[in-house]
Each structure stands twice: as C-alpha cells, then as structure tokens.
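# Sequence first, then the predicted structure:
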Amino acid sequence: MEASFPLLFAAVVGFSHAFEADHLVAVSNIVTKRDRLALAIRDGIYWGLGHTSTIILIGLIIIVAKAEFLDGYFRYFEATVGLMLVVLGVYRLYQYYKNRNTTEELYDKEHHHHLAYGIGLVHGLAGSGAMILLVMSEIRGSLDSMLYLLIFGVGSIVGMLIAAGIFSLPFSKKITANERLQLGLILVSSLVCVGYGIHVMIENLA
C-alpha cells in the first residue's frame, strides 16, 4: 500500500502543479483571444498535453537511460520559460493591434491550438527537473516512475483545462463587446506576462 501511495497521489500533485504562477500567467494570456469557453478549455488541454509530452521525454532520458547530465541545465530551462513569457506577452499585444479592426481578433475561425501545445512543451522543460528528482527519491523502479509521471501529466491536463476555462470567462462576448474593457484586460494580461517572465529570467540567471 505504501509503495502505491505515490502513484495514487500523482494526479493530485499534477492537478495542483497546473495552478503554479508561471502556468497561470501564460494560460491567462493565451485565452484572451477566446470568446468561447469550449475553445479556452481546448487550449488548456493542449497545454497539458505539451507539458506532459516534455515531462515524459525528459523522464525517459533521466530515469530510464540514467542520463544525469541534464541536472545542471534545469535553471536554464526555467530561464527559457521566462523568455517565452516575455515573448508571449509582447506577441499578444502585437496580435491585438494588428487585428483590432477585424473579426479575426476574437473569432478565430480556424481554432488553432498549436500555440498552447508549444507553450506547454516549454513549461514541461522547466517543471521536469524538480518533478523527476522527486519521483526518483520516492519511487523505486523505472516503470513505476514513468507511470507516476504519466498520471501526474493527466492531473496537470485536468487542472489546466479548468484554469483556462476560468480565465476565459472575462473574455465572453458580452464583456468583450466593450472595446475599452477588452483592451484593458489584454493589456493587464500581457504586461503581467512580460513582467513575470523578466522576474523568472533574473531569478535563474543572476
């Protein structure tokens, strides 16, 4: 029973992991382009899939292949997330001003979610270090370790789809009909994204 407890706990840890500050800052910025709850939730799912993909890949390299050379690089992975947040915030503002006079800004007809998946991939790089070290210290055996990471990933997907849905609510059609309010929300989201990204970069490279 004691040996299986970490596996049972993995989903809870993954769920709570989705609500870490850098994740929420990123997803809140992504969903500013969505005026429908279903699209925002899909963004959350794709973010979770990208995040899980990287966690599993790094896990395979470190746990199964015993490649410990990556240990010294995790702070650079974190800094990469910071840079990504800065770029994401700036790009969101660029998108808004470029498309502000067209219906494309809010009504993304093609409903692409590759941006969310890509951001999830980068976030997985940053979160993989601490997570894999935790797994290696608590669980014996490569199979159980990878199973933990997989269950953790499922929990993070559920957590992020909920977070994305919540953050998309201020961008419903009724609220975004007010152009000034819409601009204010996008500005706040983008500036927080840039500011937090700079903080993460300084914290890991200083």
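Received it, and whenever you're ready, just let me know what you need. Residues are numbered from 1 along each chain as shown.

# by contact count, what packs against the strand or helix carrying G59?
Per DSSP states H and E: G59 is located in helix 37-59. Contacts defined by 3 or more CB pairs under 8 Å, 6 or more residues apart in numbering; DSSP states H and E place helix 37-59 against helix 21-30, helix 114-138, helix 142-168. Yep, even glycine has a C-beta here, placed from its N, CA and C like the rest.

# got the angle between the shortest one and helix 142-168?
With axes from the mean of the first three to the mean of the last three CA atoms, to 10 degrees as the criterion, the two stretches helix 21-30 and helix 142-168 enclose an angle of 50 degrees.

# Contacts for helix 21-30 next, please.
17, 43-44, 47, 81-82, 84-85, 88-89, 92, 115-116, 119, 123, 126, 160, 163-164, 167, 189-190, 192-193, 196-197, 200 (CB atoms under 8 Å, 6 or more residues apart in numbering).

# list the contacts for I132?
55, 58-59, 62-63, 149.

# mind redoing it with 7 Å?
58-59, 62-63 (CB atoms under 7 Å, 6 or more residues apart in numbering).

# As a markdown table, these with pLDDT, distance to A10 and neighbour count would be great.
A markdown table is the format used below for those (pLDDT from 0 to 100; distance: CB to CB, whole Å; neighbours: other CB atoms under 10 Å):
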| residue | pLDDT | distance to A10 | neighbour count |
| --- | --- | --- | --- |
| I58 | 83 | 16 | 22 |
| G59 | 81 | 12 | 25 |
| I62 | 78 | 17 | 21 |
| I63 | 77 | 14 | 21 |
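
# Would you mind listing where this structure has pLDDT under the threshold?
1-7, 67-71, 100-111, 127-130, 133-134, 136-140, 172-178 (pLDDT under 70).

# which of the contacts of helix 21-30 are buried?
Buried members of those, scored by 16 or more other CB atoms under 10 Å, are 17, 43-44, 47, 81-82, 84-85, 88-89, 92, 115-116, 119, 123, 126, 160, 163-164, 167, 189-190, 192-193, 196-197, 200.

# packing partners for the helix or strand harbouring E78?
Element membership for E78 (DSSP H and E) is helix 74-99. The contact analysis (3 or more CB pairs under 7 Å, 6 or more residues apart in numbering; DSSP states H and E) places helix 74-99 against helix 21-30, helix 114-138, helix 179-205.

# ok and the helix holding G59 relative to helix 74-99, angle-wise?
Between helix 37-59 and helix 74-99, the angle comes out at 150 degrees (the same axes, to 10 degrees).

# Please identify the buried residues of helix 37-59?
Within helix 37-59, the residues that count as buried by 16+ other CB under 10 Å are 37, 39-52, 54-56, 58-59.

# Alpha carbons of that helix, in CSV - could you do that?
Extracted C-alpha coordinates of helix 37-59, given in CSV (Å, rounded to 0.1, in the frame of the first residue of the first chain):
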residue,chain,number,x,y,z
LEU,A,37,-15.4,28.6,-23.1
ALA,A,38,-15.0,25.4,-25.2
LEU,A,39,-12.1,26.9,-27.2
ALA,A,40,-10.4,28.1,-24.0
ILE,A,41,-10.8,24.6,-22.4
ARG,A,42,-9.2,23.1,-25.5
ASP,A,43,-6.3,25.4,-25.1
GLY,A,44,-5.9,24.1,-21.5
ILE,A,45,-6.0,20.6,-22.7
TYR,A,46,-3.4,21.2,-25.4
TRP,A,47,-1.2,23.0,-22.9
GLY,A,48,-1.4,20.0,-20.6
LEU,A,49,-0.6,17.6,-23.5
GLY,A,50,2.5,19.6,-24.4
HIS,A,51,3.6,19.8,-20.8
THR,A,52,3.1,16.1,-20.3
SER,A,53,5.0,15.3,-23.5
THR,A,54,8.1,17.0,-22.3
ILE,A,55,7.9,15.6,-18.8
ILE,A,56,7.7,12.1,-20.2
LEU,A,57,10.6,12.7,-22.7
ILE,A,58,12.9,14.1,-20.0
GLY,A,59,11.8,11.3,-17.7
